[in-house]
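*Asks:* sequence and predicted structure below; questions after.
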There are 2 protein chains.
Amino acid sequence: MKSLYVIKIGGNVIDNSENLYNFLNDFAGIEGHKILIHGGGKLATDLSHAMGVEPKMVDGRRITDIETLRIVTMVYAGLINKNIVAQLQRFECNAIGLTGADANLIRANPRPVKEIDYGFVGDLHEGSVASGKLSDILETGLIPVFSAITHDGEGQLLNTNADTIASAIAIALSSIYEVSLVYCFEKKGVLTNVADDESVIREISSTEFEKLKSDGIIAGGMLPKLENAFKAINSGVNEVYIGKSDELALLNEQLFGTRLFA
Amino acid sequence: MKSLYVIKIGGNVIDNSENLYNFLNDFAGIEGHKILIHGGGKLATDLSHAMGVEPKMVDGRRITDIETLRIVTMVYAGLINKNIVAQLQRFECNAIGLTGADANLIRANPRPVKEIDYGFVGDLHEGSVASGKLSDILETGLIPVFSAITHDGEGQLLNTNADTIASAIAIALSSIYEVSLVYCFEKKGVLTNVADDESVIREISSTEFEKLKSDGIIAGGMLPKLENAFKAINSGVNEVYIGKSDELALLNEQLFGTRLFA
């Protein structure tokens, strides 16, 4: 099986043009098949302010109303996505910018209205990712770059969580490739001591994870991140890395962040 | 040789959602390989106003300064392009939205500064279109949908004329496909009498064109349009159609607008 990296970056990388430049340079240097998924960052908020559109919140949750959907489509799928692609081209990385609507690659269900109407938000399900078509694109030598916009197949674009998209792509392609799923965030990896940025745990197996949980070493916001990572591993993904975007180049030596495996 | 339609629509189709819906429905029904190129329309101007960015003009020519480039990237490559793709997916047309940066498909030269600095505008040259890669995408069964944004290969996106892109794509692919280039505009075709919308000339050969010119039947704004069309035909394009977007369905019977040929 060929190997494939599915790499997700968040707003903290995108908001700083120097960080983004360095990250994309490193991304271009990753060997073999790869896919990038990017979040949004502050640019969408900035545009909302410039247009006088106030972010809509209900019970502290962000709502994607029609105006917000227009803004995230412009900023994520247009401005950010195409600038990332143009930068990658400069680094001789043949990127192609995509949403889930393109080539019908990621079809989502509009989130059902219960207590809260989240608006134009799409949830993924088994079969959401068109793995065959995505593999066709990879095999032509292209590097897919996804913004976190999907569609419902009925003509409606939908806002979708970027972490969820990364995980769904990794799982769907694990039948065709040996997939490494890589989450970039603000820390160098999973830390034994949150106060010490260098206390990175290099590797965690699923059994070690259970022990670290019961010993209370992994707790708080890191817990759901790791639960999701091991869920992906249980669904066919070979390994998950969690680390800092500016260390991505270490991935070629398997020395990036924390490696999670079965 | 397989046949290929390269179809260009302008802002007049995009600005009216009912027209656009009908056009995309008809486009989805066109048989065989096809590529759509879309212009911008009023949405970019609307967003500029909403953001308080005034269009910059020098000697009556529109200048693409950095703010304008950001806006057209958001509106053309994001909002319009992805909504067209989502609509086409609804019609079972497996569209993929692209700029020239994506897959390095269209590389342009920044327009040299002479009397006027046009800003971030890209001009095409021979070899601008990566015909092999574009053909790869077509052969996977996908329908490329281009917004009129290109790049310089050095990380810079560029605003480029949509008519020029359509013509360059048609010419570049004419070595691989039998290409019909289709321009949709506000008239039903080339008219013998501009006051009579039904006076459409069905076919014009290049020799007939010379006669129509010298007889003064074709003049004004139609002249450069047709000059460009015959230039494309002289460069390998099989035929060029000029007609009205709401009659696109007639293309399957070769009864759309005016057909220009060698």
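*Replies:* Right, received. Where do you want to start? Given the structure is predicted, the values throughout are model-derived calculations rather than measurements.

*Asks:* the residue in the stretch 1-150 of chain A that chain B sits nearest to: what's it in contact with?
*Replies:* Using CB to the nearest CB, the point where the stretch 1-150 of chain A gets nearest to chain B is residue A:78, with a distance of 2.2 Å. Placement of C-beta: from N, CA and C, glycine included. Taking CB atoms under 8 Å, 6 or more residues apart in numbering or on different chains as the definition of contact, the neighbours of residue A:78 are B:73-79, B:81-82.

*Asks:* these two touch, right, residue A:183 and residue A:8?
*Replies:* Yes: with the criterion set as CB atoms under 8 Å, residue A:183 and residue A:8 qualify as a contacting pair; they are 5.3 Å apart.

*Asks:* need the overlap of contacts for these two.
*Replies:* Where contact means CB under 8 Å, 6+ apart, the residues bridging residue A:183 and residue A:8 through contact with each are A:163, A:166.

*Asks:* quick one: end-to-end length of stretch A:247-254, please.
*Replies:* Using CA to CA, to the nearest Å, the end-to-end distance of stretch A:247-254 comes to 11 Å.

*Asks:* now swap in stretch A:247-256 and tell me
*Replies:* Using CA to CA, the gap from the first to the last residue of stretch A:247-256 comes to 7 Å.

*Asks:* near residue A:226, how many other residues are there?
*Replies:* The burial count assigned to residue A:226 is 20, neighbours taken as other CB atoms under 10 Å in any protein chain shown.

*Asks:* burial measure for residue A:12, as a count.
*Replies:* Considering only other CB under 10 Å, residue A:12 is surrounded by 17 other residues.

*Asks:* and whatever helix or strand it lives in, what does it pack against?
*Replies:* For residue A:12, the host element (DSSP states H and E) is helix A:11-14. The criterion is 3 or more CB pairs under 8 Å, 6 or more residues apart in numbering or on different chains; DSSP states H and E, and the helices and strands that helix A:11-14 contacts are helix A:17-28.

*Asks:* in the helix it packs on, what's buried?
*Replies:* Neighbour-count burial for helix A:17-28 flags A:20, A:22-28 (criterion: 16 or more other CB atoms under 10 Å in any protein chain shown).

*Asks:* as TSV, the residues you listed with distance to residue B:204 and pLDDT would be great.
*Replies:* Listed next are the buried residues of helix A:17-28 as TSV, based on distance: CB to CB, whole Å; pLDDT from 0 to 100:
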residue	distance to residue B:204	pLDDT
A:20	51	96
A:22	56	97
A:23	54	97
A:24	49	98
A:25	52	98
A:26	55	98
A:27	51	98
A:28	49	98
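
*Asks:* could you identify the most distant pair in the residues you listed?
*Replies:* Farthest pair in these (CB to CB) is A:20 and A:28. Separation: 12.4 Å.

*Asks:* how about the residues of the stretch 101-250 of chain A near chain B?
*Replies:* In this structure, the stretch 101-250 of chain A approaches chain B at residues A:101-104, A:133, A:136-137, A:140, A:142, A:149, A:151, A:153-157, judged by CB under 8 Å from any CB of the partner chain.

*Asks:* select from those residues every entry located in helices.
*Replies:* A:133, A:136-137 (DSSP state H).

*Asks:* turn the residues you listed into JSON lines, including neighbour count, distance to residue B:110 and pLDDT.
*Replies:* Formatted as JSON lines, those follow (neighbours: other CB atoms under 10 Å in any protein chain shown; distance: CB to CB, whole Å; pLDDT from 0 to 100):
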{"residue": "A:133", "neighbour count": "18", "distance to residue B:110": "34", "pLDDT": "97"}
{"residue": "A:136", "neighbour count": "18", "distance to residue B:110": "33", "pLDDT": "94"}
{"residue": "A:137", "neighbour count": "24", "distance to residue B:110": "29", "pLDDT": "95"}
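
*Asks:* Throw those residues into CSV and include distance to residue A:205, thanks.
*Replies:* Converted to CSV, those look like this (distance: CB to CB, whole Å):
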residue, distance to residue A:205
A:133, 34
A:136, 34
A:137, 33
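
*Asks:* thanks a lot, see you next time.
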